[in-house]
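S.K.: when you get a sec, could you give me coordinates for this:
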Amino acid sequence: MYVVSGFADVPEADREAFKRALPEHARLTRAEPGCHYFEVKPHPKIAGRYIVNEAFDDERAYKAHIKRANRSDWAKISRNLKRSY
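M.R.: Predicted coordinates:
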């Protein structure tokens, strides 16, 4: 099992686009082979911060997820995120 957890900070200027695009990104990620769990939810106290928890079969499945995401609209929408995981 390959687990990724942490948080991402979304710049204020990108927050609306991020919130609109997140459900589709989550749906596509959950449909990927090897994805066991994918959850991104707002931090309860820090505006613009999202808690990230993901689990994949292995590192190969995770890298396939990253490759798919990098070729999607999500890459443009999330390009300014500060990721800590």
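S.K.: max-length helix in the chain?
M.R.: What stands out as the longest helix in the chain, according to DSSP state H, is helix 15-30.
S.K.: tilt between the very next helix or strand once past that helix and helix 15-30?
M.R.: For helix 15-30, the following helix or strand on the C-terminal side (DSSP states H and E) is strand 35-42. Angle, strand 35-42 to helix 15-30, by axes from the mean of the first three to the mean of the last three C-alpha atoms, to 10 degrees: 170 degrees.
S.K.: counting neighbours, which bits of strand 35-42 end up buried?
M.R.: C35, F38, V40 (16 or more other C-beta atoms under 10 Å). For the C-beta atoms, the positions are set from N, CA and C on the backbone; glycine is no exception.
S.K.: and stretch 3-17, by the same measure?
M.R.: Residues of stretch 3-17 classed as buried by neighbour count (16+ other C-beta under 10 Å): V4, F7, A8, V10, D14.
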